[in-house]
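> Pasting the sequence and the predicted coordinates here, then a few questions.
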Amino acid sequence: MDYVETEGDTIDQAIENALIRLGVERDRISIEILSEGKRGILGFGTQKARVRASLRRPPVEANHLEPAADPGVVASAAAKPLTEAETTAIGEKAKGVLNEILKRMGIEASVQAKTGDKADEIVLEVICDESGLLIGRKGQTLEALQYLVTRIAGDRQGSEGPHILVDIENYRQRRKKSLEDMALRLGEKAKRQRKTVTVDALSAADRRIVHAALQDDPWITTKSLGQGSYRRLLIIPEGDRKRKEESKPIDQQDTRSQSNIDRPRPARTS
């Protein structure tokens, strides 16, 4: 499946639904917004937000291509990845867009474009004295800036287009570490108390970090609950205990009842 079209109450929710259906992270897809949705009046005329999510294909090595009778067939069958110069040009365009947005916001700042941890990432690092204002509550303002820059600068250069990230004072890495620590702490609490723990008001990106932090714990199940961009997340204990018990080898299971059967009974005395 190379792409899916999904709906949601908001664009973020539609994107999250696409990520779930494709089973990938956000940086593996390109998004085309088909409809931004409409709230309607008194419940009438409401329209869902709709997006098309396309998988980003890894670059194809030339020596791995099978020879074809018509070279034009090969050229059209495989999308040509962006060159370093093209990626740099997109980064500079995104940098200019972000500078213009900040200028219109009345914020004095400088923006540096650099390559991210992954080859298809462009990070726009903002340097200013008003970092708190630009980050916003739980990074909401930063996410809004990134959305605007991506929409205007165009993360739509085919499936090979780079993913644009907006960051300030390494906030994203600090936020990720904070969420991972919180997830592990609440996971231990859920297991210790054997009660479901609820985490309120997390964005789609933050929820994915929590899901990933706990996905390897066999005693924990995580689940999103609610509607809208900021949904609750449930951390449920003992999600896999039953399956683990059933999968134990017979010689490791409780054999007390068998031992009682095999134990010889004392002889009766008259």
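Yes, it's here. Numbering: from 1, shown residues only.

> From here on, just use CA atoms for contacts and neighbour counts.
Will do.

> What residues sit buried inside the strand or helix carrying Leu19?
Counting by DSSP states H and E, the element that carries Leu19 is helix 11-22. Buried residues in helix 11-22, counting neighbours by 16 or more other CA atoms under 10 Å, are found at 11-19, 22.

> Just list what whichever helix or strand comes after that helix packs against, helices and strands only.
The first helix or strand that comes after helix 11-22 along the chain, using DSSP H and E, is strand 29-35. Packing contacts for strand 29-35, counted by 3 or more CA pairs under 8 Å, 6 or more residues apart in numbering; DSSP states H and E, involve strand 49-55.

> switch to 10 Å and redo it
Identification of packing neighbours for strand 29-35 by 3 or more CA pairs under 10 Å, 6 or more residues apart in numbering; DSSP states H and E yields strand 3-8, helix 11-22, strand 49-55, helix 140-153.

> got the angle for the third one vs helix 11-22?
Which is strand 49-55. What separates the directions of strand 49-55 and helix 11-22 is an angle of 40 degrees, with axes from the mean of the first three to the mean of the last three CA atoms, to 10 degrees.

> Please apply the same query to the first one.
Here strand 3-8 runs at an angle of 140 degrees relative to helix 11-22 (the same axes, to 10 degrees).

> Report the angle between strand 3-8 and strand 29-35.
50 degrees.

> Show the contacting residues for Leu102.
Listed by CA atoms under 10 Å, 6 or more residues apart in numbering, the contact set of Leu102 reads 108-111, 126, 134, 145.

> Show the buried residues in those residues.
Going by neighbour count (16+ other CA under 10 Å), those have 111, 126, 134, 145 buried.

> before we move on, the earlier item: what is the rounded mean pLDDT of the helix holding Leu19?
Here the mean pLDDT over helix 11-22 is 81, rounded to a whole number.

> which strands and helices sit next to it?
Packed next to helix 11-22, using 3+ CA pairs under 10 Å, 6+ apart, are strand 3-8, strand 29-35, strand 49-55, helix 204-214.

> For the buried residues of helix 11-22, give me a markdown table that also has distance to Arg151.
Formatted as a markdown table, the entries for the buried residues of helix 11-22 read as follows, by distance: CA to CA, whole Å:
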| residue | distance to Arg151 |
| --- | --- |
| Ile11 | 12 |
| Asp12 | 13 |
| Gln13 | 17 |
| Ala14 | 16 |
| Ile15 | 14 |
| Glu16 | 17 |
| Asn17 | 19 |
| Ala18 | 18 |
| Leu19 | 19 |
| Leu22 | 22 |
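
> Between all of those, which two are at the greatest distance?
Taking CA to CA, the two most distant members of those are Ile11 and Leu22; they sit 16.5 Å apart.

> Out of the helices and strands in the protein, which is least certain?
Among the secondary structure pieces of the chain, namely its helices and strands, helix 71-77 has the lowest mean (mean pLDDT, DSSP states H and E), a mean of 40.

> quick one, domains of this structure?
The chain breaks down into these domains under automatic domain parsing: 1-56, 82-169, 174-243.

> circling back to that earlier point, show residues contacting the helix holding Leu19.
Helix 11-22 has contacts (CA under 10 Å, 6+ apart) with 1-8, 10, 23-26, 28-29, 31-37, 48-55, 203-205, 208, 227-231.

> With just CA atoms, put that helix into CSV.
The C-alpha atoms that make up helix 11-22 are tabulated as CSV, following Å, rounded to 0.1, in the frame of the first residue of the first chain:
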residue,chain,number,x,y,z
ILE,A,11,-6.2,17.5,10.1
ASP,A,12,-4.0,16.2,12.9
GLN,A,13,-6.4,13.4,13.6
ALA,A,14,-6.7,12.5,9.9
ILE,A,15,-2.9,12.3,9.7
GLU,A,16,-2.7,10.1,12.8
ASN,A,17,-5.3,7.8,11.3
ALA,A,18,-3.2,7.5,8.2
LEU,A,19,-0.1,6.7,10.3
ILE,A,20,-2.0,3.9,12.1
ARG,A,21,-3.2,2.4,8.8
LEU,A,22,0.2,2.5,7.2
